[in-house]
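> my questions concern the predicted model and sequence given below.
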Amino acid sequence: MLTLEKFGCGYGLVQAVHELDLSARAGEITALLGPNGAGKTSTLMAIAGNVQVQRGRVLLDGDDITRLAPAERTRRGMALAPEGRRIFPDLTVAENLMVGGYLRSAAEARETEQQVMQLFPRLRERYRQRAGLMSGGEQQMLAIGRALMARPKLLMIDELSLGLMPAMVDLCFEAIVELKRQGLAVLLVEQNTHRALAAADRVVVLVSGRKAYEADGEQARRDPAMVDSFLGMTEVA
């Protein structure tokens with residue numbers, strides 16, 4: 001669904017990511033891991049069109065979208081739940097979801113909203129509540145739900161568990177596993193390495209803006225070299 005070819009991105013004269021080849025397949029979770037400053041968020045933001053792609057190509061479902069505007073990328077089938085959630089705190093849950101579906105017809109938006117409510121029943125309970133009054137976990141559900149309103153084929157999530165209570169982390173990971181079952185390609189950046197490895201079908205590790213490791217999920221979970229060398233851990237739960 002997503003292919004990066006010799007991909008590089010950055011800010012002005014600064015290149016944050018170098019020569020990255022990466023694929024995210026439909027019906028799979030691809031975890032993009034690495035230390036702080038490795039270039040993970042820059043990669044997601046560049047795929048979405050919000051950071052400059054300096055080299056290489058971005059392909060979505062076989063189409064070259066490298067130079068397309070962010071809105072056109074969304075229209076083609078990608079969506080991003082960004083780091084820090086970035087919901088609209090003064091808008092209600094319903095209004096946040098409406099914003100997420102602005103590129104879709106009214107009928108499509110209504111249908112997708114019901115699917116979001118099935119995935120996250122808590123949002124139905126909070127439907128008329130201002131988003132800024134919800135818990136962090138509820139806001140993360142809303143950020144993912146807002147992204148899903150675009151009816152994406154590729155869903156990118158930046159730091160799913162950041163600042164969430166364990167129970168909310170469980171609910172959010174259960175949701176992305178369900179989305180995978182429904183056929184979405186999920187590209188996940190996640191600081192909770194244990195949870196990311198447990199869920200991932202594919203693992204890519206960035207170090208200093210370069211790909212340092214890639215393997216399928218099962219191999220990565222059992223590979224001491226990946227765990228010790230790249231992530232500074234001694235055991236994977």
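Done, it's in.

> residues in contact with Leu2?
By Cβ atoms under 8 Å, 6 or more residues apart in numbering, the contact set of Leu2 is 22-24, 47, 58-60, 78, 154, 185, 187. In short, each C-beta sits where N, CA and C put it, glycine included.

> I figured Tyr127 hits Ala94, correct?
Yes. With contact defined as Cβ atoms under 8 Å, Tyr127 reaches Ala94; the gap is 5.3 Å.

> the residue nearest to Leu148 when sequence neighbours are not counted: which element?
By the measure of Cβ to Cβ, 6 or more residues apart in numbering, the closest residue to Leu148 outside its immediate chain neighbours is Val116, 5.5 Å from it. Taking DSSP states H and E as the criterion, Val116 maps to helix 106-119.

> next secondary structure element downstream of that helix?
Following helix 106-119 in sequence, per DSSP H and E, is helix 121-125.

> residues of that next one that come out buried?
By neighbour count on 16 or more other Cβ atoms under 10 Å, the buried set for helix 121-125 is 122-123.

> that helix packs against which elements?
helix 106-119, helix 136-148 (3 or more Cβ pairs under 8 Å, 6 or more residues apart in numbering; DSSP states H and E).

> what sits up against whichever helix in the chain runs longest?
Secondary structure assigned by DSSP state H gives helix 166-181 as the longest helix of the chain. By Cβ under 8 Å, 6+ apart, the surrounding residues in contact with helix 166-181 are 27-29, 119-120, 122, 135-138, 140-141, 144, 148, 155, 157, 160-161, 164, 186, 188, 192, 195, 199, 201.

> change it to 6 Å
With contacts defined as Cβ atoms under 6 Å, 6 or more residues apart in numbering, helix 166-181 is touched by 27, 29, 119, 137, 140, 160-161, 186, 195, 199.

> tell me what angle the helix or strand following it forms with helix 166-181.
Using DSSP H and E, the next helix or strand after helix 166-181 towards the C-terminus is strand 185-189. Strand 185-189 and helix 166-181 are oriented at 150 degrees to each other (axes from the mean of the first three to the mean of the last three Cα atoms, to 10 degrees).
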